[in-house]
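> I would like to see how this sequence folds:
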Amino acid sequence: MIRELLGTVPPETTQQAVGYPTLFLLIVLGSLVPVVPTGALVSSAAVVAFHRTAPLSLLLVFAVAASAAFLGDLGLYWLGRRGAESRNVARRLERLRHRAAPDRLETAQRKLDAHGVTVLVLSRLVPAGRIPVMLACLLAEKPMRWFARGDAPACLAWAATYQLIGILGGALFGEPWQGVVAAVALTLAISAVPAGWRRLAAHRSGPD
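Sure thing, here's the model as predicted:
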C-alpha cells in the first residue's frame, strides 16, 4: 500500500488509478472492522499528495477519505440496526456492547441525550470514541437518517484533521517516506492516548 502511495512504480498515472481505490477500500474496511489504522492511512496519503505539489491530489485524498469513512460508518450502523431484527446479529451486538468500556458507553449515552448530533461529530475526532457513540445511538434506536445527518460532517472533520497531520509531516521532511513515517507515528501516538489515560486513571483510583 505505501509503495503504491509513494509513487515509485508503476508509473504515476497507473499508481494513482490503483492507489485511490485501494485507499477507499481500506478506509471502508477500517470503518467496518475497527482494527485498521485508517487515520494513519489518510495521513500517509496526504504526505505523498503534498510532495506531488498538485492541489488536486490533496483534494482527491480528502474526498476519498471522507466518502469512504461515511460509507463504512453507514454500513456498520445499518448492520447494527439490522441486528435488532436478527437474533444472531443481535447477540453479536450485545457482545460488542459488553466488550465496550461500560463507563465510556454510559458517558456516550448521557452526552448523546444532552447534545444529540454534535456528539457524533466529536466522536470521530476523539480516538476510540466512534464505537461507544455508535453503540449509544443503536441502543437509543436512532433512525438511519438521523445518524447519517450527524455522521456526514463528522467524516468531513475527521478526514480534514488527519490530512492536516499528513501535510504537516510532508512539510517537515524532504522525502515522502520520512513524512509518512512521522505521520504514522503521530497518528498512532494520538490513538494510544485514551488507553493510556484510562490506565493512569485506574491506577490513581486503585487501592494505595
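> going by C-alpha atoms from here, please, whenever you check contacts or count neighbours.
Will do.
> could you measure from Pro143 over to Cys155?
To Cys155, Pro143 is 18 Å away according to C-alpha to C-alpha, to the nearest Å.
> higher neighbour count, those two?
More neighbours surround Cys155 than the other of Pro143 and Cys155, with 24 against 13 (other C-alpha atoms under 10 Å).
> and the pLDDT for that one?
On pLDDT, Cys155 comes in at 94.
> so it makes contact with Phe62?
No - if you go by C-alpha atoms under 8 Å, Cys155 and Phe62 don't touch, sitting 10.0 Å apart.
> tally of neighbours for Gly39?
Using other C-alpha under 10 Å: Gly39 sits among 26 other residues.
> what residues are up against the residue lying closest to it once chain neighbours are set aside?
Among residues not flanking Gly39 along the chain, Tyr162 sits closest, at 5.8 Å (C-alpha to C-alpha, 6 or more residues apart in numbering). By C-alpha atoms under 8 Å, 6 or more residues apart in numbering, Tyr162 lies in contact with Gly39, Ala40, Val42, Ser43, Thr187.
> how close does the closest residue to Ala159 other than its chain neighbours get to Val181?
What sits nearest to Ala159 in space, not counting adjacent residues and going by C-alpha to C-alpha, 6+ apart, is Ala66, at 5.3 Å. Distance of Ala66 to Val181, given as C-alpha to C-alpha: 22 Å.
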